[in-house]
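Novice: Predicted model and sequence below, questions to follow.
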Amino acid sequence: MPFCRKLPIEGDIRDLDTCHKACKDQDYVLHEAALGSVPRSINDPITTNDVNTSGFLNMLVAARDAEVKRFVYAASSSTYGDSENLPKVEHVIGKPLSPYAITKYVNELYADIFKDAYGLNTIGLRYFNVFGRKQDPNGAYAAVIPKFVIQLMNHESPVINGDGTYSRDFTYIDNVIQMNLLALTSENKEAVNQVYNTAVGDRTNLLELTQLLKKYLAKHDAKIAEIEIKHGPNRAGDIPHSLASIEKAKEKLGYDPKFKIEAGIEEAVAWYWENL
């Protein structure tokens, strides 16, 4: 399947004209732009809503106007909210626990409406704690893995929110790339206009995660193995456990994640060590 490559467009999805420029003459759209972070959304719900809701709507309108064939977008595991069901299955969600989670759920609702009202084909991918090369370790809202890596490399003690037993379905970036390409190119008509968990189908708690990071970083610097892990209060809006069922993605898209947590951590740590 051929893809048209455009020169980069610098802009903001809150600007409809920019969205129109990005979608013009395109058959397929991969929409990844968003303002992430549960804590940031709690601190600044207005900006989170402007970007993730109004910006998303701009992209849907631009894709509709450009008559794109398929619109694949980044959804979020935060949509499951306070649902205690494990593993998470796509058709069972709970009450959202943060402004960020609300915006990502609204994205799914808008995608449904644009299919029904305008015939725009969409696929939503509910990302579960994506990690990997090129993640920024800096800033107040850095993801936990690159943040802990840079702290350990600097011989600083990472601070785990809570007792460390909270668990997540950490998903290496190459699995996510595979999922996006499958969603974009699938010829299975039953696969379109759906949402899918984008994960590995396994969970790791934060204590286990930090031990894996120390294990692979210590290959480069033995002192890292002895660094103490500290604990702080639980973070507002966090759910205790997250684990995805990936059966739907396997069945309808042929998804086959290649990287479990340890293999992903090993590759990611190697990249961080060389580049941070």
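Specialist: Sure thing, it's come through. Residues are numbered from 1 along each chain as shown.
Novice: Helices of the stretch 151-276 of the chain, start to end?
Specialist: 173-185, 206-217, 247-253, 261-275 (DSSP state H, counting those that start in this stretch).
Novice: Mind checking those helices for the one nearest to residue 60?
Specialist: Counting by Cβ to Cβ, residue 60 lies closest to helix 173-185 out of the helices of the stretch 151-276 of the chain; the figure is 16.2 Å. From N, CA and C alone the C-beta is placed, and that goes for glycine too.
Novice: Can you tell me what sits against stretch 83-95?
Specialist: 77, 79-82, 105, 126, 194-197, 201, 241-245, 247-248 (Cβ atoms under 8 Å, 6 or more residues apart in numbering).
Novice: hang on, the earlier thing: turn the helices of the stretch 151-276 of the chain into JSON lines, including mean pLDDT, distance to residue 113 and mean neighbour count.
Specialist: What follows is the helices of the stretch 151-276 of the chain, written out as JSON lines (pLDDT from 0 to 100; distance: least, Cβ to Cβ, whole Å; neighbours: other Cβ atoms under 10 Å):
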{"stretch": "helix 173-185", "mean pLDDT": "98", "distance to residue 113": "19", "mean neighbour count": "19"}
{"stretch": "helix 206-217", "mean pLDDT": "96", "distance to residue 113": "38", "mean neighbour count": "19"}
{"stretch": "helix 247-253", "mean pLDDT": "98", "distance to residue 113": "22", "mean neighbour count": "18"}
{"stretch": "helix 261-275", "mean pLDDT": "95", "distance to residue 113": "35", "mean neighbour count": "17"}
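Novice: Format the ones you listed as JSON lines; extra columns: distance to residue 162.
Specialist: Shown next, in JSON lines, are those (distance: least, Cβ to Cβ, whole Å):
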{"stretch": "helix 173-185", "distance to residue 162": "26"}
{"stretch": "helix 206-217", "distance to residue 162": "8"}
{"stretch": "helix 247-253", "distance to residue 162": "30"}
{"stretch": "helix 261-275", "distance to residue 162": "19"}
